[in-house]
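A.B. asks: Okay, sequence plus prediction incoming.
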Amino acid sequence: MDDLKKYIEENKQRFLDELFGLIRIPSISSIAEHKPDMYKAAEYWKTIFLNSGADRAQVYETDGNPVTYAEKIIDKNLPTILVYGHMDVMPIDPIELWNSKPFEPIIKDGKIWARGADDDKGQSFMHAKAFEYLVKTNKLPCNVKFMIEGEEEVGSPNLPKWLETNKEMLKADVILVSDTGMISPNIPSITTGLRGLAYWEVEVTGPNKDLHSGLFGGAVANPINVLSKMIASILDENNKITIPTFYDDVIEISTQERELLAKAPFKEEDYKKAIDVIEISGEKGYTTTERTGIRPTFDVCGIWGGYIGEGAKTVLPSKAFAKISTRLVPNQDHEKIAVLFAKHFESIAPKSVKVKVTSLHGGPSYGCSVELTEYKAAEKAYEKVYGKKPVPVRSGGSIPIIASFEKILGIKSILMGFGLESDAIHSPNENFPLEQFYNGINTIPYFYKYFTESYK
């Protein structure tokens, strides 16, 4: 593949033009009014795959958002790689913090700036272009299938059923995913573990209508005050979760494994500087890397209620709301935790309010061994492009559907991410370095090569 870099160089502008067309589609899965955009994105992906050399591509319906599937089968006796990605993106709020229009991608300081630039349009697009190179140059060594879904950012609630229905079509030897990151541009890494997730919306109701805070304040419970106290009680002074039995299924990792995790490069001062904080925080007795990889967490993702408009309004609100998540570690059952939290939260509410807990979505954790043939192929691919072996890391993030792939399809996933911490995924000013984008296109064909060779 001596001409790979040349192919990328000759087609750089076209690659970006095609990617930018995809990014311009505001495919936000969590907002109902963007449902038509999900179909626009699905059809766009279909065109991308057909133009890249797929034998066939089709948009499939699910009970929710669509899935775009494509394939190229060159020899049924060769191994098959199934590439997974997602076309949906996170909401863009708060819009006032963006330095450019979220769905009008621009290139500045060597980066693509836009919602979806990294997560996951940019990273998924690398696979389409790597596949295109292999097809156009007659160097595709194996069969390839693509599955791009539209609900990852809301927990992939309808994909498991679709997987069950299409198990035969999706048969493969490995699932290849680029929806994670690397330690740094100079230190490649492969994600070997993902935390699970449970996510709720809570509603606290006091009086049956908003009240005058002067006439009723001090005599009637304020739902925002109550909700704040309830949330605050979930973490103790050591930042440990206080829900009874929450840690019962958490497996404490060995001293040896903690030592291996500690070998991943980490500079606390750089970490704090990158996110502009003076001090880091987390569960006592664990390092920052451990807190974000091997320990469960509890976080309020949003909280609101009462009057939040311009100026003052002396109101005692009727309701208060919050969106809350926990990240879970292997052996913790997200469905069990969902029930556990709801019961606990309802139990600690004072009689002065009513509490409603709604489970929004969740998913299990995932792990893979560094001894897998698939992992070794990915390791060699990174080493070929970056000149050094990648470091295995456990991610603090969650991709709930990854565990479902193994459960339903019986296939392990290899998480070859190229994003960086500075890419600000899920946040205003999301970006993706062009260098990482092109390096991804350069690395992926080598995975195809080494994975296929391992099966000969």
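C.D. replies: Everything's here; your move.
A.B. asks: burial measure for L316, as a count.
C.D. replies: 24 (other CB atoms under 10 Å). Glycine gets a C-beta too; all of them are placed from N, C-alpha and C.
A.B. asks: hey, what's it bridged with?
C.D. replies: Beta-bridge partners for L316, by DSSP bridges, are L211.
A.B. asks: In contact with it: list those residues for me.
C.D. replies: Taking CB atoms under 8 Å, 6 or more residues apart in numbering, we find L316 in contact with G206, P207, D210, L211, H212, S213, F216, G217, V220, N222, G306.
A.B. asks: just Y247 next, same as before
C.D. replies: With CB under 8 Å, 6+ apart, Y247 has these contacts: I241, P296.
A.B. asks: Assign it to helix, strand or coil.
C.D. replies: At Y247 the chain is in coil, as set by DSSP: H, G, I helix; E, B strand; the rest coil.
A.B. asks: That one and W304: what is the separation?
C.D. replies: 30 Å (CB to CB, to the nearest Å).
A.B. asks: Over to K108?
C.D. replies: Taken as CB to CB, the span from K108 to W304 is 33 Å.
A.B. asks: Give me the more crowded residue out of the two.
C.D. replies: Each of K108 and W304 has its neighbours counted (other CB under 10 Å); W304 has more, 13 against 10.
A.B. asks: Can you tell me the SS state at the closest residue to the more buried one other than its chain neighbours?
C.D. replies: Nearest residue to W304, sequence neighbours excluded (CB to CB, 6 or more residues apart in numbering): F321, at 5.5 Å. When classified by three-state DSSP, F321 comes out as strand.
A.B. asks: F321 is in contact with I303, isn't it?
C.D. replies: Yes: judged on CB atoms under 8 Å, F321 makes contact with I303 at a distance of 7.1 Å.
A.B. asks: Now the common contact residues for these two.
C.D. replies: Each of L227 lies in contact with both F321 and I303 under the rule CB under 8 Å, 6+ apart.
A.B. asks: tell me the SS of I81?
C.D. replies: The three-state label given to I81 by three-state DSSP is strand.
A.B. asks: Could you check how far it is from K136?
C.D. replies: 18 Å.
A.B. asks: okay, these two: which has more neighbours?
C.D. replies: I81 (26 against 13).
A.B. asks: Retrieve the pLDDT associated with that one.
C.D. replies: pLDDT for I81: 98.
A.B. asks: What of V370?
C.D. replies: With respect to pLDDT, V370 has a value of 87.
A.B. asks: Renumber starting at 183 from here on
C.D. replies: Sure, I'll start numbering at 183, so the last one becomes V552.
A.B. asks: Remind me what the helix or strand of the chain at the bottom of the mean pLDDT ranking packs against, helices and strands.
C.D. replies: The weakest-scoring helix or strand in the chain, judged by mean pLDDT, DSSP states H and E, is helix 437-443 (a mean of 77). Contacts defined by 3 or more CB pairs under 8 Å, 6 or more residues apart in numbering; DSSP states H and E place helix 437-443 against helix 470-473.
A.B. asks: Now do the helix it packs on: which elements does it pack against?
C.D. replies: In this structure, helix 470-473 makes packing contacts with helix 437-443, judged by 3+ CB pairs under 8 Å, 6+ apart.
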